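>>> Starting from these lines, generate the structure:
(one chain, ligands or ions: 1)
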Amino acid sequence: MTLVIATAITACGGPAKQQTDNTDTTRTDSATFDIKGNVDGKAVSLYTLKNSNGAKVAITNYGGRIVSLCVPDREGKLTDVVLGYDSLKSYQKKGEPYFGALIGRYGNRIAKGKFTLDGKPYQLDINDGVNTLHGGFKGFFARVWDVKKADNKTLELSYVSKDGEGGYPGTLTVDVTYELTDENELKIAYKATTDKATVINLTNHAYFNLNGHNGAEITNHQLYIAADRFTPVDSTLIPTGKLQPVKGTPFDFTSAKVIGHDIDADDQQLKYGKGYDHNFVLNQHDFEKPVATVSSPETGISMEVYTTEPGVQFYSGNFLNGADQDGKGGIAYKHRSALCLETQHFPDSPNQPTFPTTTLKAGQEYKTYTTYKFLVAK
Ligand code: BGC
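Numbers count the residues shown, from 1 in each chain. A predicted model of the protein is given here:
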């Protein structure tokens with residue numbers, strides 16, 4: 001009896017095998033999550049994509065956030081592998097850590113929130129110490145996206161960011177499509193156009209814990225990152241502009257390594273980040289081979305990341321501290337209880353002429369693709 005109740009209250013709604021024939025009657029997502037309402041005069045709802053293996057992902061158009069992502073573990077039990085909240089109110093909290101959100105107009109930091117484009121200086125919101133982070137106070141993570149298409153497998157969202165919003169130039173029209181495939185892949189396609197030159201760096205800020213969202217620290221996960229170099233930072237987490245080889249440093253994940261192995265090593269870069277919070281320079285980003293793979297020895301779940309982006313921010317959840325009491329199911333998410341692999345252009349690119357450009361001009365189309373693929377170890 002206890003077991004039945006425990007199953008009923010999970011976001012995943014029971015074992016994967018129960019769901020293949022659509023017998024997921026334990027609880028519906030709308031009963032599990034209180035994510036419905038009106039924000040800024042626009043309707044907010046929760047959308048669920050499902051595949052033939054019983055995997056499912058719930059996404060809200062508030063910030064385009066991935067609220068739950070349920071994939072089978074090695075026993076076939078559905079496991080929710082992303083952190084998040086049960087209610088819309090919690091997602092609207094000031095200072096929440098961008099759980100599952102679409103990030104824009106510029107993911108990651110821009111030094112002092114300043115840059116110059118076509119000879120004109122721009123000032124962005126200062127929302128992270130002396131810098132701007134993740135698009136400012138009301139970036140795309142806090143906007144209600146329009147739902148262009150919603151079916152069992154895809155959710156297409158769009159958002160028009162006005163000229164001057166958050167300090168950025170140009171009206172930017174953004175379109176993001178989430179797709180859940182029968183190969184247990186969550187595919188994200190980002191597209192955008194602008195009417196005036198601007199800077200852009202879109203990503204998703206899912207916090208993964210492959211032990212389950214309510215699992216222990218991710219320091220027991222194995223991680224591989226196909227990057228021979230990373231971008232070292234200053235004390236405010238702004239890149240110095242150098243591309244530093246990872247060889248011989250705690251940043252070497254070119255062979256899979258347990259995250260906890262070096263995370264507390266005596267290293268200035270790790271001290272600045274309070275753990276890993278760095279952009280890795282990917283050796284390839286042709287979308288053919290995984291740029292990163294992470295796996296949990298507990299559940300046997302592993303995740304491969306594919307991207308067309310040149311970088312990935314590996315953030316080891318160092319700023320989670322258990323203060324947030326309203327995680328899904330009443331969980332207080334503790335220090336390092338999740339990791340992010342945010343595919344992206346490099347931080348502060350608008351001020352770093354040697355980094356790949358993040359400028360988007362009128363008439364150009366921005367298009368990037370990232371896939372998170374879930375597998376189980378035999
Ligand atoms: C940043 C972290 C930050 C986190 C947001 C990551 O992308 O690199 O420094 O704390 O987002 O909560």
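>>> how about stretch 88-105: buried residues?
Going by neighbour count (16 or more other CB atoms under 10 Å), the buried part of stretch 88-105 is 88, 90-91, 96-105. Placement of C-beta: from N, CA and C, glycine included.
>>> These: which ones sit near the ligand?
By CB under 6 Å from any ligand atom, the members of the buried residues of stretch 88-105 lying near the ligand are 97-98.
>>> Farthest pair within the buried residues of stretch 88-105?
Largest separation among the buried residues of stretch 88-105 by CB to CB: 90 and 105, giving 24.2 Å.
>>> just to revisit the earlier point, closest one of the buried residues of stretch 88-105 to the ligand?
residue 97 (3.9 Å; CB to the nearest ligand atom).
>>> name the element that closest one belongs to?
According to DSSP states H and E, residue 97 maps onto no helix or strand at all.
>>> for it, what are its contacts?
Taking CB atoms under 8 Å, 6 or more residues apart in numbering, we find residue 97 in contact with 205, 207, 319-320, 324.
>>> What's the end-to-end length of stretch 322-340?
With CA to CA, to the nearest Å as the measure, stretch 322-340 spans 17 Å from end to end.
>>> cool, and stretch 51-69?
Its start and end residues considered, stretch 51-69 measures 12 Å (CA to CA).
>>> where in the chain is pLDDT low?
Residue ranges of the chain with pLDDT under 70: 1-11, 14-31, 378.
>>> Okay, domains of it per the record?
2-103+141-199, 217-376 (automatic domain parsing).
>>> now these as a markdown table including distance to residue 124?
Below are the domains of the chain laid out as a markdown table (distance: least, CB to CB, whole Å):
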| stretch | distance to residue 124 |
| --- | --- |
| domain 2-103+141-199 | 4 |
| domain 217-376 | 10 |
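>>> on that earlier part again, let's see which of the buried residues of stretch 88-105 end up in helices.
In this view, those that belong to helices under DSSP state H are 88, 90-91.
>>> Which one, of the domains of the chain, ends up nearest to residue 125?
Each of the domains of the chain has some distance to residue 125 by CB to CB; the shortest is domain 2-103+141-199, at 5.6 Å.
>>> ok, now how distant is residue 85 from the ligand?
For residue 85, the distance to the ligand equals 14 Å [CB to the nearest ligand atom, to the nearest Å].
>>> pretty sure that residue contacts residue 327?
Yes: here residue 85 reaches residue 327: they are 6.6 Å apart, a contact under CB atoms under 8 Å.
>>> For residue 346, see how far away residue 230 is.
10 Å (CB to CB, to the nearest Å).
>>> Give the intersection of the neighbour lists for these two.
Common contacts of residue 230 and residue 346 (CB under 8 Å, 6+ apart): 279, 281.
>>> between those two, who's got more neighbours?
Using other CB atoms under 10 Å as the criterion, residue 230 and residue 346 rank with residue 230 on top: 27 against 24.
>>> Which element, helix or strand, includes that one?
In the assignment (DSSP H and E), residue 230 maps to strand 229-231.
>>> Check what contacts the following helix or strand past that strand and list those residues.
Next helix or strand after strand 229-231 toward the C-terminus (DSSP H and E): strand 244-245. Contacts made with strand 244-245 from outside it, assessed by CB under 8 Å, 6+ apart, are listed as 228-232, 251.
>>> can you tell me which two in these are farthest apart?
Taking CB to CB, no two of these sit farther apart than 228 and 232, at 13.9 Å.
>>> Spit out the contact partners of residue 274.
By CB under 8 Å, 6+ apart, the contact list for residue 274 reads 318-319.
>>> Return the set of buried residues in the one helix or strand residue 174 maps to.
Under the criterion DSSP H and E, the helix or strand holding residue 174 is strand 172-180. Neighbour counts over strand 172-180 (16+ other CB under 10 Å) mark 172, 174-180 as buried.
>>> Mind jotting down where the helices sit in the stretch 151-300 of the chain?
268-273 (DSSP state H, counting those that start in this stretch).
>>> Could you tell me which residues of it lie near the ligand?
So the stretch 151-300 of the chain meets the ligand at 237, 277 (CB under 6 Å from any ligand atom).
>>> residue of the stretch 151-300 of the chain with the smallest distance to the ligand?
Counting by CB to the nearest ligand atom, the stretch 151-300 of the chain gets nearest the ligand through residue 277, at 4.6 Å.
>>> That residue: neighbouring residues, count only.
Neighbour tally, residue 277, other CB under 10 Å: 19.
>>> Excluding chain neighbours, what is closest to it?
The shortest distance from residue 277 to any non-neighbouring residue, by CB to CB, 6 or more residues apart in numbering, is to residue 315 (4.9 Å).
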